[in-house]
Structure formats: structure tokens, C-alpha cells
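Chemist: let me see the structure of the following:
(2 chains)
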Protein chains: 2
Amino acid sequence: MTIKSSNIVWHNSTITRTDREKLHQHKGVVLWFTGLSGSGKSTLAHAVETYLHKINISTYVLDGDNVRHGLCGDLGFSDQDRVENIRRIGEVAKLLTEAGIITLTAFISPFKIDRDNARKCLPHGDFLEIYCHCPIETCEQRDVKGLYKKARAGEIPLFTGIGSPYEPPTRPELIINTEKLTIEESIEEVIKLLKEKNLI
Amino acid sequence: MTIKSSNIVWHNSTITRTDREKLHQHKGVVLWFTGLSGSGKSTLAHAVETYLHKINISTYVLDGDNVRHGLCGDLGFSDQDRVENIRRIGEVAKLLTEAGIITLTAFISPFKIDRDNARKCLPHGDFLEIYCHCPIETCEQRDVKGLYKKARAGEIPLFTGIGSPYEPPTRPELIINTEKLTIEESIEEVIKLLKEKNLI
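Modeler: Predicted coordinates:
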């Protein structure tokens, strides 16, 4: 490669998101999975990531496992902290998207305004809201982490769906009925959406 | 691809950092550029990114431009906020590294303890501290952004090198004398380091 000396030239030659997308041979985008605890967000996000990875797409899943103890380790569960938690996740998703990655986020993210703010921090079309729809009764029956039981016992006062509301998306890009659809069918729905949008 | 139905199987099949590194055909790592304002951190980080991108390496630069108004937009310049600023940058660099990206950070990051904390949040060997060494007199003569002038006039009370100390790294992976070396030579030093560490 030819290297030019001037600092100014170098600053002009900054690599852009488009350059990175060309390298990865696909666009960056955020798939924002939202839904009740137990609705299958994280399972579906990881399953979609696996599918995408196998077709050579650069991916990353943001979820409680890698965010709660790190970037958001200083936050608790007060209203203010929950807002800040989702705000930071939106901002990090934006950075990953600029890096040319398909970013999948799996958080309950119960409040419409917080999801809308995350949407707003990204360029138009880069935020695809995927609502994992499942009746609370089914989520509670599954109760994979035993959280509903604790919430019913009053041990988690602001648990979404019990002590705190979940505001369903009004105009999500996709609704997945995770009670009725198999995981294979759910993955297919997401992939169909990405293809329709010419993202993969 | 074969899709298995069980949620548990899906959780087991989570894509790992190693998988992503294989896809990108290189490792993820953080190049943490530190030094005074005007020492050439950002210029060098972007120049190295350009070099790496041209050899098909997935990269991202975190700097004031994409962090200060977004993820860290709620932070000011108090001691506490500066610590939190660097902490978040370290955590985001970690996430990008897990995504299989070579992440370059360009922040003054004047305090040793904050840089050491960023180092600690990453697996051993994933944090390469690159000290852009340049006498303050030279940085002040350059004064690209006019900040030294403002600081001398008392308009920026805690400006690093004037109202607030810069603690040079004691054991950085690399010291670049940006007063003496050209940008081409500086890039070469960084690339040599990455090759020595078998990262590219």
C-alpha cells in the first residue's frame, strides 16, 4: 500500500462503516429482541446468530450475560437505572453496527420509550424490533430461571409482567409468536425479514 | 444446516469469540493508544486502522467522536466521570474484541489506574498499551484543536499536562516517539508488534 505522510491525509482516509460492510460482505444492523422473561428472546437471538455465523456473517449478541456484569455493572434495577441500562445497550449496538456487525440484543426492554430511544440513536432502517410474543401464563409455566416464582413470592418487586408493566411494541418490524412457532420456524421468520430488507 | 429443536441444544450451540475470530481470520485485540492531547493518538489509531483494513482485517476505532456524545454523553469532566468514561470504553472494547474485531482506542486516559483497570477487564494478552510519547512543549506548539491555548488561559481547569497530571505508562507494550517518527514509521512499529504477537 502507499502510505501518505500528512496527518490531514490520514484523517481523511478514515475507514467508514461502508468500508467495513464491504469487507464483511453484508450490512450492519441491530435486531432488537424484546419480550417478557421466558418468551425466548435470548434463545432465539443465539439461534439466529448461529444460523448467520454459518453463512459467514459477522455477528454479536448483547445480553444479560455480557452486559450486566460489565458495561452496566454499576446499574441496579431502579427506574432510572433501567432506562440507563437500555440507553447504553442502544449506544453499544450502534457502535457494533458501525463496525459492520449484525448485532442481536436480547433484553426484556419493557418500556416503549426506551426502545424508541434506542431506535432513534441509529440511522433509519438500522433498528429492527422483534417482539417475542408469548402469553405471560406460558412464560410463567416455563419459568426457566425460577424468577416468576420469586416474583410471585414478592422477592422481586418490580418484575416485568407482575410488579411492573410490559409495554408491547406497537409497530415492531416482526412479531414472533414463540408460544406457537418452533425455534426453526422462528429463525426462518427472522431470516426472511433480513432478506426482505436486503441485509443479507 | 441442520437445525435442532431443543432450546438447550441451541444454548449450547452459542457462537464463541473463537468462532468469530475464525470467520474474520484473525484474532480480536485492543490497541489502547494513550498520550497527551496532540501526541498523535487519534491520527495514528486511524492510520493503523486504514492499514489493517486494507489487509482485510475487521477493525473499529473508539475515540471522542463516537463515544463522547453517545455512550458517554451523560458524563462530564469531574474526576468521577473521567474514571467512568474510561471504564465504559474498556468494557466496550472488550465487547468488540469478543466480536472478533481489532479495536483501537484513542483517549488521553491520563491515569495509570484507569488504564490498568481496562487491561484487567480483558483476558491476558488482549490489551496492548501503546504510549504515544511526545513532549508537552511539542504538543502545545501543534495545538491542533487550540485546547492548550484555552487551558493556559484558565478556560479548561483540569486540562491534562497543565491543570491535571498525565501518568506515563510504566510498562506499555509499545512506546512510539511521535515527535521523532513519521506516521509511516509509527504504523510500522504497531504492525511489527501485532506480528510479533501472532495477532495478524
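Chemist: list the beta-bridge partners for A:A106.
Modeler: Beta-bridge partners recorded for A:A106 (DSSP bridges): A:F33, A:D63.
Chemist: could you list the low-pLDDT ranges of chain A?
Modeler: Applying pLDDT under 70 to chain A flags the ranges A:1-13.
Chemist: in it, which spans are strands?
Modeler: For chain A, the strands defined by DSSP state E occupy A:29-34, A:59-63, A:102-106, A:127-133, A:174-177.
Chemist: which one of the ones you listed lies nearest to B:D116?
Modeler: With respect to B:D116, and counting by Cβ to Cβ, the nearest of the strands of chain A is strand A:59-63 at 25.7 Å. To be clear about C-beta, it is placed using only N, CA and C from the backbone, and glycine gets the same treatment.
Chemist: what does the closest one contact?
Modeler: When contacts are defined by Cβ atoms under 8 Å, 6 or more residues apart in numbering or on different chains, strand A:59-63 is touched by residues A:42, A:45-46, A:49, A:52-53, A:89, A:92-93, A:96, A:101-107, B:14-15, B:20, B:95, B:98-99.
Chemist: so of those residues, which ones are in helices?
Modeler: A:42, A:45-46, A:49, A:52-53, A:89, A:92-93, A:96, B:20, B:95, B:98 (DSSP state H).
Chemist: pull the most distant pair out of the residues you listed.
Modeler: Spatially, the most separated pair among the ones in helices among the contacts of strand A:59-63 is A:H53 and A:I89, at 21.1 Å (Cβ to Cβ).
Chemist: if you count surrounding residues, which of the two has more?
Modeler: Just comparing A:H53 and A:I89: by other Cβ atoms under 10 Å in any protein chain shown the higher neighbour count belongs to A:I89, 25 against 20.
Chemist: report the central residue of chain A.
Modeler: Against the mean C-alpha coordinate of chain A, by Cα atoms, centre = their mean, the closest residue is A:T105 at 1.8 Å.
Chemist: I figured that residue hits A:W32, correct?
Modeler: Yes - between A:T105 and A:W32 there is a contact at 5.2 Å, judged by Cβ atoms under 8 Å.
Chemist: can you pull the residues that touch both of the two?
Modeler: A:A93.
Chemist: A:S164 reaches A:L158, doesn't it?
Modeler: Yes - taking contacts as Cβ under 8 Å, A:S164 lies within contact range of A:L158: 4.3 Å.
Chemist: neighbour count for the two, which is higher?
Modeler: The neighbour count for A:S164 versus A:L158, taken as other Cβ under 10 Å, is higher for A:S164 (17 against 13).
Chemist: show me what contacts that one?
Modeler: Neighbours of A:S164 in contact, by Cβ under 8 Å, 6+ apart: A:110, A:158.
Chemist: let's see that with 6 Å instead.
Modeler: Shown in contact with A:S164 (Cβ atoms under 6 Å, 6 or more residues apart in numbering or on different chains): A:L158.
Chemist: can you count the residues close to A:T138?
Modeler: 15.
Chemist: my guess is it meets A:E179, correct?
Modeler: Yes - here A:T138 lies in contact with A:E179, judged by Cβ atoms under 6 Å, at a distance of 5.1 Å.
Chemist: now do the residue lying closest to A:R17 once chain neighbours are set aside: how many residues are near it, please.
Modeler: Nearest residue to A:R17, sequence neighbours excluded (Cβ to Cβ, 6 or more residues apart in numbering or on different chains): A:E98, at 4.8 Å. By the measure other Cβ under 10 Å, the count of residues near A:E98 is 19.
Chemist: if I look at A:E98, how far off is B:P123?
Modeler: A:E98 sits at a distance of 24 Å from B:P123 (criterion: Cβ to Cβ, to the nearest Å).
Chemist: what's the answer for A:Q25, then?
Modeler: For A:Q25, the distance to B:P123 (Cβ to Cβ) stands at 28 Å.
Chemist: got the CA positions of stretch A:142-152 in CSV?
Modeler: Taking Å, rounded to 0.1, in the frame of the first residue of the first chain, the C-alpha atoms of stretch A:142-152 are listed here in CSV:
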residue,chain,number,x,y,z
ARG,A,142,-41.8,-22.4,31.7
ASP,A,143,-40.1,-20.2,34.4
VAL,A,144,-36.7,-21.5,33.3
LYS,A,145,-34.8,-19.3,35.8
GLY,A,146,-37.4,-19.6,38.6
LEU,A,147,-37.9,-15.8,38.5
TYR,A,148,-41.7,-15.8,38.3
LYS,A,149,-41.9,-17.9,41.4
LYS,A,150,-39.7,-15.5,43.2
ALA,A,151,-41.7,-12.5,41.9
ARG,A,152,-45.0,-14.1,43.0
